[in-house]
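Enquirer: Quick one: sequence and predicted model below, then my questions.
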Amino acid sequence: MAQEASIKARVTVYPRPEVLDPQGQAIAAALGRLGFDQVREVRAGKSFDVDLATGDQAAARTLVEQMCERLLVNPIVEDFRIECPAGDGRP
């Protein structure tokens, strides 16, 4: 039986640099209290792993970009990065 082609994409969403990030600031402060004095800044974000039923890399990227624009990302305060590696389908 032939295996259906798929591409796994990872979307990383993070606050724009000009937007305050209270969660990142709290994490940075906690790391400092734990002795990690080298930490200057933390930007907290989120990630989504999406498994797409396609073997077409360009089509997969287009689909994920549309998902970001329509649901996954608030473009006013967030930026995003998409990774769709070639090969074994794992991000």
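Expert: That came through fine.
Enquirer: which ones are touching the closest residue to Ala60 other than its chain neighbours?
Expert: Nearest non-adjacent residue to Ala60, counting by CB to CB, 6 or more residues apart in numbering: Ile7, 4.2 Å away. Just so you know, the C-beta spots here come from the backbone N, C-alpha and C atoms, and that holds for glycine as well. The contact partners of Ile7, by CB atoms under 8 Å, 6 or more residues apart in numbering, come to Asp51, Leu52, Thr54, Gly55, Asp56, Gln57, Ala60, Cys84, Gly89.
Enquirer: Who does the residue nearest to the spatial centre of the chain form a beta bridge with?
Expert: Taking CA atoms, centre = their mean, the centroid of the chain lies closest to Thr12, which sits 0.8 Å from it. For Thr12, the beta-bridge partners under DSSP bridges are Ser47, Arg81.
Enquirer: now it: how far from Leu72?
Expert: Here the distance between Thr12 and Leu72 works out to 10 Å (CB to CB, to the nearest Å).
Enquirer: where do the contact lists of the two overlap?
Expert: Contacts common to Thr12 and Leu72, judged by CB under 8 Å, 6+ apart, are Phe80.
Enquirer: The closest residue to Phe48 other than its chain neighbours - how many residues pack around it?
Expert: Nearest non-adjacent residue to Phe48, counting by CB to CB, 6+ apart: Val11, 4.5 Å away. Burial of Val11 is recorded as 21 neighbouring residues (other CB atoms under 10 Å).
Enquirer: again, but for Val64
Expert: Using other CB under 10 Å: Val64 sits among 22 other residues.
Enquirer: same check, this time on Ala60
Expert: The burial count for Ala60: 22, using other CB under 10 Å.
Enquirer: is it true that it lies in a strand?
Expert: No. If the criterion is DSSP: H, G, I helix; E, B strand; the rest coil, then Ala60 is helix and not within a strand.
Enquirer: Enumerate every residue touching it.
Expert: Contact partners of Ala60, counting by CB under 8 Å, 6+ apart, are Ile7, Ala9, Leu52, Thr54, Cys84.
Enquirer: quick one: the strands in this protein?
Expert: Taking DSSP state E as the test, the strands found in the chain are 7-15, 46-52, 78-83.
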